[in-house]
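> Prediction below, plus the sequence it came from.
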Protein chains: 2
Amino acid sequence: MGLDSDTRKMPQGISQDAQGLIDFNKAIIEATADYAVSYKINTAFYETLGAKGWDVMEKTLEFIPKNIFTIADAKRGDIGNTSSMYARAFFETLNYDSITISPYMGHDSVGPFLEFEGKWSILLALTSNPGSQDFQTLKTGDAQVFEEVLRKSATWGTDENMMYVVGATRAEELSRIRQIIPNHFLLVPGVGAQGGSLEQVVKYGANKDIGLLINASRSIIYASSGTDFAEAAGREAAKMQGEMARFI
Amino acid sequence: MGLDSDTRKMPQGISQDAQGLIDFNKAIIEATADYAVSYKINTAFYETLGAKGWDVMEKTLEFIPKNIFTIADAKRGDIGNTSSMYARAFFETLNYDSITISPYMGHDSVGPFLEFEGKWSILLALTSNPGSQDFQTLKTGDAQVFEEVLRKSATWGTDENMMYVVGATRAEELSRIRQIIPNHFLLVPGVGAQGGSLEQVVKYGANKDIGLLINASRSIIYASSGTDFAEAAGREAAKMQGEMARFI
């Protein structure tokens, strides 16, 4: 479940500021925790409030039950010594379980994240947005760039410390991806507001362990703009969990 | 000048915490402002302190004279609506003049930054780290991926709102890059501690307006670990400015 919480979209009864985001996230988490295996926090939405937004993020993490997997959807990545600092920030200071990483800068931009035991690096492979067609799908040899990202980066870690972001709107490409990385978990955004099909994703993307973390953000957290926003989010999360359970 | 300020590397007389970073950055900026056209703040180093680190970053920006160009070296980039949030965070909330952006997610991940008038987007093209050889230099058609990034992204904005990160350690590739983007400014890291050659960078990378922002971080800010750290940084900055002036 993606906590893309935006001050401008707060429901009735919630203030449009840092405290409002804290109240909103707390209520949303309480109402949905029974149905979520993971919460994904999109750092951009918090950084619009500057240091106060990072404070909201830290407080939000405290509301999440310890048995639920946390994802910093931060799309970080830099040269080695800088990536080490990002790894410390997200794995130690904030104690996230995982972080999304852009692969553009290559091995030494990812390696420092993999040194943290029990933590997960989630690399962008094929994303769900229109711009994914600009560089990710360029032909290189017999493959596309995103396939080369998968093939090469899979040797840097294991399927116990790496996952990949794969956009749900390209479900037909999932089977090709599964040929390259049969065992890794995939983080699949784009089901829900972005319009991907859950059935297609499971059909082409599931492996013997399921191997899918399917995300929905706006369709759940903004299910109602009234004072019943938390109950509505809980109902929407339960509905999506039910749809997923059909495939297990 | 890169403010890659690390609590673990604070000089004598400076505390190894958030307040120490503030004191350090203030002294370094005062000692070097006469020689710097720009300060580049590496967000990773601040995020290791969590919300407190973002607070240090906000305070540091206040110390920088208004006529000096500021760079958020943040390597952000995400789908359109999320990139819009990053643009608001860095261009509005923090009021940076520019931000570094990873191009992997394509046009809609960059476009929202270009909508801010008077602000600059600095795209990663060919970086200076070993991992730049993993994906940036993959062959695609007659070009390499980073050349395709330059060619395509140059149509998204203009040389008045876009720059590119080009690693100084590959000076010989600068002339090929200049054929694709003759007029854009280049942000060149890797002169100084990373070992690039200023002379090579100017020889192959300069255009009629010079067109280069050459960065040094550690070689200046950690010039001395004693109580004279600010004076030493000022001397080192003056020396580098003098070396650059020879080429103008």
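Right, received. Where do you want to start? Numbers count the residues shown, from 1 in each chain, chains lettered A, B, ... in the order given.

> Extract the residue ranges of chain A that are flagged as low pLDDT.
A:168-170, A:190, A:192-196 (pLDDT under 70).

> Can you check which helix is longest in it?
For chain A, the helix that runs over the most residues, judged by DSSP state H, is helix A:229-245.

> Okay, buried residues for that one please.
A:229, A:230, A:232, A:233, A:234, A:235, A:236, A:237, A:240, A:244 (16 or more other CB atoms under 10 Å in any protein chain shown). The way it works is simple: take the backbone N, C-alpha and C, and place the C-beta from them, glycine included.

> Equivalent analysis for stretch A:176-188, please.
In stretch A:176-188, counting by 16+ other CB under 10 Å, buried: A:176, A:177, A:178, A:180, A:181, A:184, A:185, A:186, A:187, A:188.

> With stretch A:21-28 instead?
For stretch A:21-28, by 16+ other CB under 10 Å, it's A:21, A:22, A:24, A:25, A:27, A:28.

> How far off centre is that stretch?
Using CA atoms, centre = their mean, to the nearest Å, the mean C-alpha position of stretch A:21-28 is found 19 Å from that of the whole chain.

> re earlier: contacts for the longest helix of chain A next, please.
A:1, A:11-12, A:14, A:24, A:27-28, A:30-32, A:34-36, A:192, A:198, A:214, A:216, A:219-224, A:226 (CB atoms under 8 Å, 6 or more residues apart in numbering or on different chains).

> Just the buried ones from these?
Buried by 16+ other CB under 10 Å: A:1, A:11, A:14, A:24, A:27-28, A:31-32, A:35-36, A:192, A:198, A:214, A:216, A:219-224, out of the contacts of helix A:229-245.

> Count residues in the vicinity of the residue nearest to residue A:164 when sequence neighbours are not counted, would you?
Of all residues beyond its chain neighbours, the one nearest residue A:164 is residue A:125 (4.3 Å), with distances taken as CB to CB, 6 or more residues apart in numbering or on different chains. Other residues lying near residue A:125 total 27 when counted by other CB atoms under 10 Å in any protein chain shown.

> cool, residue A:119 as well?
Around residue A:119 there are 18 residues (other CB under 10 Å).

> Then the one 5 residues further on?
By other CB under 10 Å, the residues close to residue A:124 number 26.

> just the one 5 residues further on next, same as before
Around residue A:129 there are 24 other residues, counting by other CB under 10 Å.

> do the one 10 residues further on as well
Using other CB under 10 Å, residue A:139 has 13 neighbouring residues.

> Can you read off the backbone torsions of it?
phi -80, psi 130 (degrees, to the nearest 10).

> just checking, which of the contacts of helix A:229-245 belong to strands?
Counting by DSSP state E, the contacts of helix A:229-245 place residue A:214 in strands.

> Tell me which stretches of chain A form strands.
Under DSSP E, chain A gives strands at A:2-3, A:38-42, A:69-76, A:98-101, A:120-126, A:139-140, A:143-144, A:162-166, A:185-188, A:212-214.

> what angle separates the second one from strand A:120-126?
Right, the one you point to is strand A:38-42. 70 degrees (axes from the mean of the first three to the mean of the last three CA atoms, to 10 degrees).

> and the angle for strand A:38-42 with strand A:69-76?
30 degrees.

> Could you list the alpha-carbon positions for strand A:38-42 in CSV?
Taking C-alpha atoms only, strand A:38-42 is exported to CSV below (Å, rounded to 0.1, in the frame of the first residue of the first chain):
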residue,chain,number,x,y,z
SER,A,38,3.8,-3.8,3.0
TYR,A,39,3.6,0.0,3.2
LYS,A,40,5.5,1.9,0.5
ILE,A,41,6.3,5.5,1.4
ASN,A,42,6.9,7.8,-1.5
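
> Can you convert the buried residues of stretch A:176-188 into CSV and add a column each for distance to chain B?
Formatted as CSV, the buried residues of stretch A:176-188 follow (distance: CB to the nearest CB, whole Å):
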residue, distance to chain B
A:176, 18
A:177, 16
A:178, 21
A:180, 15
A:181, 16
A:184, 18
A:185, 20
A:186, 17
A:187, 14
A:188, 14
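
> for those, which one is nearest residue A:165?
Lowest distance from residue A:165 to the buried residues of stretch A:176-188 (CB to CB) belongs to residue A:187, with 5.0 Å.

> Which strand residues bridge that closest one?
As for beta bridges, residue A:187 partners with residue A:165, residue A:213 under DSSP bridges.

> give the contact list for it.
Residue A:187 touches A:40, A:71, A:100, A:122, A:163, A:164, A:165, A:166, A:213, A:215, counting by CB under 8 Å, 6+ apart.

> now do residue A:205
So residue A:205 contacts A:166, A:171, A:174, A:177, A:178, A:186, A:188, A:211, A:212 (CB under 8 Å, 6+ apart).

> quick one: the last one and residue A:203 touch, right?
No. Checked against CB atoms under 8 Å, the pair residue A:212 and residue A:203 is beyond contact range at 11.0 Å.

> Specify which residue of those two has the higher count of neighbours.
residue A:212 (23 against 14).

> The more buried one and chain B, how far apart?
With distances taken as CB to the nearest CB, to the nearest Å, residue A:212 is found 19 Å from chain B.

> isn't the residue nearest to residue A:164 right next to residue A:166, touching?
Yes. If you go by CB under 8 Å, residue A:125 and residue A:166 touch, sitting 5.6 Å apart.
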